[in-house]
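K.L.:
got a structure for you, letters missing:
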């Protein structure tokens, strides 16, 4: 069989050999006959007679030699390639249209595949879950869960019946010192259970043992492959060496294999948490916890198992500071287990599927266009095809031939498309929001290529089907419709193409409406008053002063204050301050806030509110208005005055109005110190412009008995500097030098303006908008080309009729009107269907919209009008050509 | 009256001829087969070549280019070891077929209706 296959590629040589062999035979026969006395020509005739059919022999021989089916296919391919080469413009148009359609789909699918479809890169990832708890009693904003907690983790580890393993983790950044400049690394904090339960094997050395994770153990650290390569050049003798980080000196014990990633993304170093079970108290939520279910255990069974463990867990540990049993009861803790993948991917799925859907629709429109082109091309061959059918070519054979051509077109489109998608994907990933999960796992892998191949076949079927159905019918039908180019046949073809155009217009309509709705959403988001201003002028500079470098809280404030003073003194700085989290920066620090004298009057638990630890001057710098009272002073901070500021909405909720709230007291937790409200600030949208206003308690950066801590000091802070020079490289450089003049060990990364912060919080909307806009523009272009093509075709087909009409005295306007009517009817039907389609389909994207109804009438009307105008222009050009028909020419052309 | 070649018999004829005569080119084979059949067989000599190719694909014979008696370039076919075994098998099955047919033909004809 293999030999036969091989034979396909050396036909020429084999044919020569066969000819030589047969010639030898014939000549030998001839020589014999000559020897018997026949004349030369008689001998030749006799030889041929003896031999039998020479041509038939060769045919049989060739069939025996190769594989007939593949030979036919190759013949078809060669034939198609030749005929494609004869019409290069059309071939390029078709291949380019398909390449764009298939390429866009490949690129978006590789994103969908990398994020949503590919399993997580851990062993047996289906059994991995994130362990968290809901606390409906305290109504966390944004319906968040409270994560897990150490007291729960220890009990899960010791007593659960459904978990094979459970661990606690955290992801963050740290500073590695000892190099030329302090280096910020991505750090994965884990208990010793985490790596084994993910199924990670070290590439070099070992991973953490229980001993490494014990409270007093010396620091051990595991490196990711990538960091090992980057920092140590892949040196295998790295095991046993030490690495200095701000909080400890760590001994390297292992290197993980290439491609290991934590849940938010790639990491550089992994350290054991070394929790002390004896110090654990009840409280302290918001820990990340991951577990592996035992085989065969469902999420429900595991949830029930963990629910059973809540009260034993509370009983096994002392209550933490500020935690009461009553409070715990009011929280109504309940375990919530989610597949780890869902946790890692988050809610990006909806957006991605909407984008995938719209891009797929672009491909459909592209296919409709290609179908139109191919129909036109096949029409050019209709006589040939009919004659062949009449001569007995089987319709299967013709169908196969036509389809081969479509398949070739779509394969060529697919190949170019993959190249396009490769470039497109890189562009896409550079503009993708930083929060895009698993972005590092997006590649064009075999699954994607398989998808693309499937896409090629499906599109070939879609646009290749029409000419096949139309032209490759059993011969009898073909003959009966062979009546002539000018009768029913052309009308029928026009109807077919008209239907394609209607479908295109309808789909373009849907896509444009989607894009329009996103544009409206984006406008609405930009119109939202976030509650702070000067976004382009405020530079944010994160700085962390860790206990290892400055243990004493007061000294931390002094150092922060010193840096602040120097930053304020930079040229062009109008004002500066710092905060534990900038608005819309995604910071999350919440505690239960109890207003004085109002504890559980209506039986409801005090609610969890956001805490922000800030320096004086923050509100002025960010342009957040002070509604009543005063800002903090440095005296408040250094003397640890028990004062807070709250947002206006929180004041209204708890006390009715800003004025009422002023002078009242509140505390965090149930045992914290009472803090007096000295000021009320304007509300801000801390979760992004599309989210509700956030209730916030602003606390001095140094405070006592708050957030379950005797003396709280905000060590991870972000400077906010207002200056017209924000964002310029020179300014950033001055900022770095200024900070390093105080402490040269501070890493300076992620310097953004508030404008960047706000844009990042809207990144998903803007990238969705961009994708939909691209899809919409492509759809309109293709749709307009489709309309243009069909009207042009109609004009050509009806030249004779138009000529007669003009000869009989019709005006140019009447002729034009004729085609306009035809075109506008198609457009109109398409628009109506599109409106209906959009009304149904846009429901799926309502989660992406903000203050815009999926049925927003303005958008629908605007898009419809726009499409009709665009279609009008596309009709106008060929219709005008019709009025220039010369009656004599048109009739003579027959 | 000359007979058409019975399906499948040509293969055995070729193999058998090659076995007795040694390497042969196509013309020589055709001539020999016609000689042996003494005019009973009506062979279109061309049909020999697809058959030769088929046998070669089955690895029962192999071919090489050589020079004929008339000092011309010709392709010579010869039996392979597998081909030799095949002759034995085919001959046996042919013998079985023949004896079977003889039995039927010797029996009285089936009564009609």
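P.N.:
Good, I have the coordinates. Note that this is a predicted model, so its numbers are computed, not measured. Numbering: from 1, shown residues only, chains lettered A, B, ... in the order given.
K.L.:
Please identify the residues of chain B in proximity to chain A?
P.N.:
Contact residues, chain B versus chain A (C-beta under 8 Å from any C-beta of the partner chain): B:25-27, B:30, B:44-47, B:49-50, B:53-54, B:57, B:68, B:70, B:72-75. Placement of C-beta: from N, CA and C, glycine included.
K.L.:
which ones among the residues you listed are found in strands?
P.N.:
Members of the residues of chain B next to chain A lying in strands (criterion: DSSP state E): B:25, B:73, B:74, B:75.
K.L.:
what's the farthest-apart pair in those residues?
P.N.:
Spatial extent of those (C-beta to C-beta) is set by the pair B:25 and B:73 at 9.8 Å.
K.L.:
Closest to the centroid, which residue in chain B?
P.N.:
Closest to where the C-alpha atoms of chain B average out (C-alpha atoms, centre = their mean) is residue B:13, at 1.8 Å.
K.L.:
give me the residue from the stretch 1-150 of chain A nearest chain B.
P.N.:
residue A:52 (2.7 Å; C-beta to the nearest C-beta).
K.L.:
I'd like to know how many residues surround that residue.
P.N.:
Residues near residue A:52, counting by other C-beta atoms under 10 Å in any protein chain shown, number 15.
K.L.:
Just want the residue of chain B that's nearest chain A.
P.N.:
Counting by C-beta to the nearest C-beta, chain B gets nearest chain A through residue B:44, at 2.7 Å.
K.L.:
sec struct for the residue nearest to the centre of chain B, please.
P.N.:
Here residue B:13 is recorded as helix under DSSP: H, G, I helix; E, B strand; the rest coil.
K.L.:
Let's see the pLDDT reported for it.
P.N.:
On pLDDT, residue B:13 comes in at 86.
K.L.:
now swap in the one 4 residues further on and tell me
P.N.:
Model confidence at residue B:17, expressed as pLDDT, equals 89.
K.L.:
same deal with residue A:165?
P.N.:
The score at residue A:165 is 93. That number is its pLDDT.
K.L.:
from the middle of its chain, how far away would the strand or helix carrying it be?
P.N.:
Residue A:165 belongs to strand A:163-177 when assigned by DSSP states H and E. Chain-centre distance of strand A:163-177: 26 Å, with C-alpha atoms, centre = their mean, to the nearest Å.
K.L.:
where does the helix or strand just after it sit relative to the chain's centre, distance-wise?
P.N.:
Tracing the chain C-terminally past strand A:163-177 and defining elements by DSSP H and E, one meets strand A:183-190 next. Its chain's C-alpha centre and that of strand A:183-190 lie 26 Å apart, by C-alpha atoms, centre = their mean.
K.L.:
any common contacting residues for residue B:25 and residue B:73?
P.N.:
Common neighbours of residue B:25 and residue B:73, using C-beta atoms under 8 Å, 6 or more residues apart in numbering or on different chains, are A:24, B:66.
K.L.:
So between those two, which is more surrounded?
P.N.:
Shown here are residue B:25 and residue B:73; by other C-beta under 10 Å, residue B:25 has more neighbours (25 against 13).
K.L.:
picking up where we left off before, ok, and the closest non-adjacent residue to the residue of the stretch 1-150 of chain A closest to chain B?
P.N.:
residue B:44 (2.7 Å; C-beta to C-beta, 6 or more residues apart in numbering or on different chains).
K.L.:
By residue count, which helix of chain B is the longest?
P.N.:
helix B:81-106 (DSSP state H).
K.L.:
from the middle of its chain, how far away would it be?
P.N.:
In terms of C-alpha atoms, centre = their mean, the centre of helix B:81-106 is set 13 Å apart from its chain centre.
K.L.:
ok now do residue A:705, which residues does it touch?
P.N.:
Contacts of residue A:705 (C-beta under 8 Å, 6+ apart): A:667, A:671, A:672, A:673.
K.L.:
Show me which pair in those residues is furthest apart.
P.N.:
Among the contacts of residue A:705, the pair separated by the greatest distance (C-beta to C-beta) is A:671 and A:673, at 8.7 Å.
K.L.:
So, low pLDDT: which residues of the chain?
P.N.:
Unless you meant another one, I'm taking chain A. Scanning chain A for pLDDT under 70 picks out the ranges A:1-9, A:66-69, A:139-143, A:322, A:392-393, A:472-493, A:598-605, A:891-894.
K.L.:
You answered for a different chain; I wanted chain B.
P.N.:
Applying pLDDT under 70 to chain B flags the ranges B:1-8, B:107-113.
K.L.:
Kindly provide the distance from residue A:454 to residue A:755.
P.N.:
Here residue A:454 is placed at a distance of 43 Å from residue A:755 (C-beta to C-beta, to the nearest Å).
K.L.:
Of the two, which one has the most company?
P.N.:
Using other C-beta under 10 Å, the more surrounded residue of residue A:454 and residue A:755 is residue A:755, with 16 against 11.
K.L.:
Around chain B, pick out the residues from chain A.
P.N.:
Residues of chain A lying close to chain B (C-beta under 8 Å from any C-beta) are A:3-4, A:17-18, A:20-22, A:24-25, A:27-29, A:31, A:50-54, A:56-57, A:60-61, A:63-65.
K.L.:
Let's see that with 6 Å instead.
P.N.:
Residues of chain A found near chain B (C-beta under 6 Å from any C-beta of the partner chain) are A:21, A:24, A:25, A:28, A:50, A:51, A:52, A:57, A:60, A:61, A:64.
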